[in-house]
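Undergrad: What follows is a predicted structure for the sequence shown.
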Amino acid sequence: MSAVLDHHDHAHDHDHHAPTGWRRWVYATNHKDIGTLYLLFAFAMLMIGGLLAMGIRAELYQPGLQLVNPELFNQLTTMHGLIMVFGAIMPAFVGFANWMIPLQIGASDMAFARMNNFSFWLMIPASLMIVGSFFMPGGAPAAGWTLYAPLTLQMGPSMDAGIFALHILGASSIMGSINIIVTILNMRAPGMTLMKMPMFCWTWLITAYLLIAVMPVLAGAITMTLTDRHFGTSFFNPAGGGDPVMYQHIFWFFGHPEVYIMILPAFGIVSQIIPAFSRKRLFGYASMVYATGSIAILSFVVWAHHMFTTGMPVTGQLFFMYSTMLIAVPTGVKVFNWIATMWKGSMTFETPMLFAVGFLFVFTMGGFTGLILSVAPIDIQLQDTYYVVAHFHYVLVAGSLYAMFAGYYYWCPKWTGVMYNETRGKIHFWWSLISFNVTFFPMHFLGLAGMPRRYADYPMQFADFNAIASIGGLAFGLAQVYFFFFVLLPTMRGIGPKASASPWDGAEGLEWEVPSPAPFHTFETPPKLNANATKIVA
Amino acid sequence: MTQARAILASAKLALLGQASASLAVLAALLTFSPSALAAVKDLPGGPAVNQLNLPEPITRIAAEQIWLHWFMMIICLVIFIAVFGVMFYSIWKHRKSVGHKAANFHESTTVEIAWTVIPFLIVIGMALPATKVLVASKDTTNADLTIKATGMQWKWGYEYIKGEGEGIGFVSTLDSTHRQMSNDGGPKKGQEIDNYLLKVDNPLVVPVNQKVRIITTANDVIHAFAVPAFGIKQDAIPGFVRDTWFRAEKTGDFYGQCQELCGKEHAYMPIHVKVVTAEQYSQWTDAKLKEVAAKADDPSKVWNLTDLVARGEKVYAANCAACHQATGKGAGPIKALDGSALVLDKDHLKQITVMLNGVNNGAMPAWKQLSDTDLAAVVTYTKNSWSNKTGQVVQPAEFVAARK
């Protein structure tokens, strides 16, 4: 493979000037520019999704309806979920992949530069459509982010907009994944063998395969919903002999691997940061790779644990209970390996490490509540209650989002050429960590006490914990506004101490071999690497 | 097993004691919180104020679930404390700032195998008791009483299908004052409503210590029938029947709520189960069956306008007002009935068809579960209320004919 890339020095001349103005972004084919676009887009969606969450928490601050009616409340919960999953978390990780994978494997760019541009710009009409659906007759889709039939059949025209938007986002994800797979498999620098590749590339390689496997499944489910709505089919419509439970099976066959799509890249980022700030190599690299692979494979055979209350036969429940519990084993292996990496290291706690350790600690709580939920008799009590809401916010916010913050702080010097403000980073971390737990920890109690999710109003006994959660939610939201204005914007404007090529003394990897900020083009000729494939040898 | 239970029970007490102590501090800090104003009390059989754990179990299955939950919690807590104890020890000792130099080790097959195999064995240990409880909870055979619970947007219909009380059927709806209170911003200062959003017009009545099988289905979208004190939750799926069961070991009132998103009034379709002694149950079924017989309307009876409108007003309040509003004006996408061409139309069949079949993909659901007399009454009511003054009377016989 490397032979193809070698000795092509004539190809560089005409591409060395960087396009300027709006053309630079609209016609972008450079992986770094596209990565930046993805990350900014995802942050904008995070803010919109966060605003919807503020609406939800404001309404739930007290029993009774004060601010929104139940229709709008259901729209808020639905759109919060859809925007955060498809608009914020997934694109953000693709942004990280675009920026870092070519830098980490010593490739000059992503394999398909124009498709890369297309997969980003597809997301703009899709997101406009999905956000704009609030202004359509009848309001935004309100059937929950899982879009269960036959409730979706009752929705107004915005449901069709939502389905169309998800189709486009799915196509964008599939193109992004193909790009990542081809880049990793074909464009590694000579000497960068698969088992020497940084963990972030490994987790994304596996994630990309998951995406290609399951996005078409989602497309199938929502297409069937569409034809049920408009063309008289009855896939899920019981009035014509359809099966609403079949929708759930198909949706969760997508939905559970989707959960790992949203967490595996986070594992990858954390696996880069913990060794860097422990000044010690990642413990059990090979077993980390195998554990990630095992999680990905197991993720295909656990989907019906989301459906224990649909009334499956006992053998079905047993199978899905066992397979789900089994996922705890490779996940546990990862946590143990991270801690073994820290063990007898020489640790410092700059903001990336704080977020990584925060991830480890709080994500693991979400992992344990997941194990508790996997036990079908307990799940019967907790299914569709706030316990589940607490569980998946512990893994998606304290998991995926914290890892992304960790990744931002870690790679920000490489992206912008300046160091972020360390004090402000620490404020952001502690503020987020505390307010996150104030928001979501009480939800475990609410769920155990039986408060159902997606409720616009609730019995008065649940009032105190809801009030606490709402206050925490507001504080968590403000923490991210603080992050934007006081950490992110200054670094984007280049305010801060200049960063050296390798500002972290414990960090290893090819991204730290190029100057900060990373030049527009890097690794135009394949670099010669040392035995560990972590350094360029001249 | 009993020994394990005793250990679990004492651990549970210690944990709960600690949790509620810290909670009291938190509650004191939050004196501005809503429930402090209204001084709400625990609802027996329903949620308790700031309840921290699963509710007091009324069935054996619910008790087993609580046992399992504590069992899992304690194992998870022990592992969590051990693992993160190691991590925080390492964070404390192996810092650069205390001069710790990084070691060089980075792999050990032995260790990797150990921390794969040990968690695997722990997981098997967890799966064994879980399997036992699960299998027991799925056995719906040999029921003494079978009741069909039908989820409807947004109320529950109950039909006693087999066993004592066979033939009884009624619809259970949230108390309309509670629904109104919710719209008005919730219970006000000084209002102590322990069963806020849980009070229904007709509770489900079942005998104590008998195996009750609940068959669930739905008319429109998926709902879920759940009563936490019984440890049951079963989705009610349109076009399909599913079942669950319970054997309540105590009498009293027990509450649940719909647990599957079913549209805008999802939060307003509670479940209230009244568990009574065998004698009380027999009395109730006798009275109820007599009532059913007396109330059965002759659909061929010819009604006058005033009686039919008076009856229609009640039917409207119970079934239609949630969407179309008491004023008949509708709201947002919900169509107004006041002044509606369809309602004013001389051709009764147009409105009758809507009532029996629904329109807009069930956004306006079909109401064929109501009796012909109720349907005729409510249609007559809409034709002669607000600004609608048609003087038209729709007789039950017209619905009888339209159903054919």
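TA: The structure has been received and is ready for your questions.

Undergrad: Might one say that B:P365 is in contact with B:N219?
TA: Yes. When contacts are counted by CB atoms under 8 Å, B:P365 is listed as touching B:N219 (6.9 Å). Every residue, glycine included, has its C-beta placed from N, CA and C.

Undergrad: which stretches of the stretch 201-350 of chain A form helices?
TA: If DSSP state H, counting those that start in this stretch is used as the criterion, the helices of the stretch 201-350 of chain A fall at A:244-261, A:264-278, A:285-298, A:314-342.

Undergrad: Also chain B?
TA: Listed in chain order, the helices of chain B (DSSP state H) span B:2-29, B:34-38, B:60-93, B:109-137, B:176-183, B:278-295, B:305-319, B:321-324, B:341-344, B:348-357, B:372-383, B:396-403.

Undergrad: what would these look like in JSON lines with distance to A:T364 and mean neighbour count?
TA: Converted to JSON lines, the helices of chain B look like this (distance: least, CB to CB, whole Å; neighbours: other CB atoms under 10 Å in any protein chain shown):
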{"stretch": "helix B:2-29", "distance to A:T364": "19", "mean neighbour count": "12"}
{"stretch": "helix B:34-38", "distance to A:T364": "32", "mean neighbour count": "19"}
{"stretch": "helix B:60-93", "distance to A:T364": "7", "mean neighbour count": "17"}
{"stretch": "helix B:109-137", "distance to A:T364": "13", "mean neighbour count": "16"}
{"stretch": "helix B:176-183", "distance to A:T364": "38", "mean neighbour count": "16"}
{"stretch": "helix B:278-295", "distance to A:T364": "49", "mean neighbour count": "13"}
{"stretch": "helix B:305-319", "distance to A:T364": "49", "mean neighbour count": "17"}
{"stretch": "helix B:321-324", "distance to A:T364": "44", "mean neighbour count": "20"}
{"stretch": "helix B:341-344", "distance to A:T364": "59", "mean neighbour count": "15"}
{"stretch": "helix B:348-357", "distance to A:T364": "53", "mean neighbour count": "17"}
{"stretch": "helix B:372-383", "distance to A:T364": "56", "mean neighbour count": "25"}
{"stretch": "helix B:396-403", "distance to A:T364": "59", "mean neighbour count": "17"}
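
Undergrad: ok, of these, where does mean pLDDT dip lowest?
TA: Of all those, mean pLDDT reaches its minimum on helix B:34-38 (a mean of 48).

Undergrad: can you list the residues of the stretch 301-404 of chain B near chain A?
TA: Residues of the stretch 301-404 of chain B found near chain A (CB under 8 Å from any CB of the partner chain) are B:A331, B:G332, B:P333, B:N360, B:N361, B:G362, B:A363.

Undergrad: phi, psi of the residue nearest to A:F41 when sequence neighbours are not counted?
TA: Computed as CB to CB, 6 or more residues apart in numbering or on different chains, the closest residue to A:F41 that is not its neighbour in sequence is A:P91, at 5.7 Å. In terms of degrees, to the nearest 10, the main-chain angles of A:P91 are phi -60, psi -30.

Undergrad: could you list every residue that touches A:P91?
TA: Contact partners of A:P91, counting by CB atoms under 8 Å, 6 or more residues apart in numbering or on different chains, are A:Y38, A:F41, A:A42, A:M45, A:M123.

Undergrad: need the contact list for the residue of the stretch 251-400 of chain A found nearest chain B.
TA: Nearest to chain B, among the residues of the stretch 251-400 of chain A, is A:G311, at 3.4 Å (CB to the nearest CB). A:G311 makes contact with B:T216, B:Q234, B:D235, B:I237, B:R242, B:D243, B:T244, according to CB under 8 Å, 6+ apart.

Undergrad: By neighbours, which of those wins?
TA: Using other CB atoms under 10 Å in any protein chain shown as the neighbour test, the contacts of A:G311 are led by B:D235, with 29 neighbours.

Undergrad: Could you list the buried residues of stretch A:130-146?
TA: When burial is assessed from 16 or more other CB atoms under 10 Å in any protein chain shown, stretch A:130-146 yields the following buried residues: A:130-131, A:133, A:136, A:138-146.

Undergrad: Can you tell me how far the residue nearest to A:F41 is from B:A294?
TA: For A:P91, the distance to B:A294 equals 65 Å [CB to CB, to the nearest Å].

Undergrad: Check A:I180 too.
TA: 72 Å.

Undergrad: and if you look at A:R57?
TA: 50 Å.

Undergrad: what's the burial count for the residue in the stretch 201-350 of chain B that chain A sits nearest to?
TA: Closest approach between the stretch 201-350 of chain B and chain A, counting by CB to the nearest CB: B:G239, at 2.7 Å. B:G239: 19 surrounding residues under other CB under 10 Å.

Undergrad: Would you mind confirming that B:G332 makes contact with A:G138?
TA: Yes. Using CB under 8 Å, B:G332 makes contact with A:G138 at a distance of 7.3 Å.

Undergrad: pLDDT wise, what is B:G332 at?
TA: pLDDT at B:G332 comes out at 71.

Undergrad: Report the closest residue of chain A relative to chain B.
TA: Nearest residue of chain A to chain B: A:G64, at 1.6 Å (CB to the nearest CB).

Undergrad: tell me the contacts of that residue?
TA: A:D457, B:M181, B:S182, B:D184, B:G185, B:G186, B:P187.

Undergrad: Quick check: the closest residue to the fifth one other than its chain neighbours vs B:L197, distance?
TA: Read it as B:G185. In space, and not counting its chain neighbours, B:G185 is closest to A:G64: 4.6 Å by CB to CB, 6+ apart. Distance from A:G64 to B:L197, counting by CB to CB: 10 Å.

Undergrad: hey, what's in contact with both of those two?
TA: Taking CB under 8 Å, 6+ apart as the contact rule, the neighbours common to A:G64 and B:L197 are A:D457, B:S182.

Undergrad: didn't A:T385 look like it was pressed against A:Y458?
TA: No. Assessed by CB under 8 Å, A:T385 is found out of contact with A:Y458, at 11.2 Å.

Undergrad: which neighbours do these two share?
TA: Both A:T385 and A:Y458 are in contact with A:M451, where contact means CB under 8 Å, 6+ apart.

Undergrad: near chain B, anything from stretch A:388-395?
TA: No. Using CB under 8 Å from any CB, stretch A:388-395 stays clear of chain B, coming no nearer than 10.5 Å.

Undergrad: got the contact list for the nearest residue to B:G358 once chain neighbours are set aside?
TA: In this structure, B:G358 finds its nearest non-sequential neighbour in B:A366, 3.9 Å apart by CB to CB, 6+ apart. Listed by CB under 8 Å, 6+ apart, the contact set of B:A366 reads B:N219, B:M355, B:L356, B:N357, B:G358.

Undergrad: any idea how far the closest residue to B:S176 other than its chain neighbours is from B:T173?
TA: Distances taken as CB to CB, 6+ apart put B:A317 closest to B:S176, at 6.3 Å, once the chain neighbours are dropped. Distance of B:A317 to B:T173, computed by CB to CB: 10 Å.

Undergrad: A:D33 sits in which helix or strand?
TA: Using DSSP states H and E, A:D33 sits in helix A:31-60.
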